[in-house]
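>>> Show me how the following folds:
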Amino acid sequence: MNFDDYQKAANRTLMGNEQVLTNCVLGLTGESGKVADLVRKYTFQSQQLDHDQLVKEMGDVLWYLSQISEWADIPFDEVASDNIKRLKKRYPAQHGGVNQVNI
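The predicted structure is shown next:
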């Protein structure tokens, strides 16, 4: 699935009124906080990093990002492509690394 397909599929679940952008931004911060909390507990409290829970929370973050992009009429593929272009410029000689894919 590409990002634009995801964005359109996710949009069918968007509920709200004229406050959609505010709801999505606040939801993004809440869900990002859940991801951060899982990592904090793993790092500082020696808890196992629950793969399934991390995937769920990251999916929630992705949903909110896609809907902010939808609200702003920005194709989600454009967001992803632009980010990769900027990363290539910022890190032109970056190779390998732990769990890293070549960009």
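>>> Met1: neighbour count?
Using other CB atoms under 10 Å as the criterion, Met1 is surrounded by 6 other residues. For every residue, glycine as well, the C-beta is placed using N, CA and C.
>>> Please disregard the earlier target; I meant Ala80.
Around Ala80 sit 16 other residues, with neighbours defined as other CB under 10 Å.
>>> so who does it touch?
Residues in contact with Ala80 (CB atoms under 8 Å, 6 or more residues apart in numbering) are Phe3.
>>> Recalculate using a threshold of 10 Å.
By CB atoms under 10 Å, 6 or more residues apart in numbering, the contact list for Ala80 reads 2-4, 6, 65, 69.
>>> Kindly report the same for Cys24.
In this structure, Cys24 makes contact with 14, 16, 63-71, judged by CB under 10 Å, 6+ apart.
>>> in the helix or strand bottoming out on mean pLDDT in the chain, what's buried?
Among the secondary structure pieces of the chain, namely its helices and strands, helix 3-11 has the lowest mean (mean pLDDT, DSSP states H and E), a mean of 91. Of the residues in helix 3-11, those buried by neighbour count under the rule 16 or more other CB atoms under 10 Å are 3-4, 6-7, 10.
>>> where does the protein have low pLDDT?
Low-confidence regions of the chain, defined by pLDDT under 70, span residues 95-103.
>>> which helix is the longest one in it?
Criterion DSSP state H: the longest helix present in the chain is helix 20-44.
>>> Assign the residue nearest in space to the middle of the chain to helix, strand or coil.
Using CA atoms, centre = their mean, the residue of the chain that lies closest to the mean C-alpha position is Leu62, 3.6 Å off. Using DSSP: H, G, I helix; E, B strand; the rest coil as the criterion, the local structure at Leu62 reads helix.
>>> Chain neighbours aside, what residue packs nearest to it?
Excluding the flanking residues, the one nearest Leu62 by CB to CB, 6 or more residues apart in numbering is Tyr6, at 7.4 Å.
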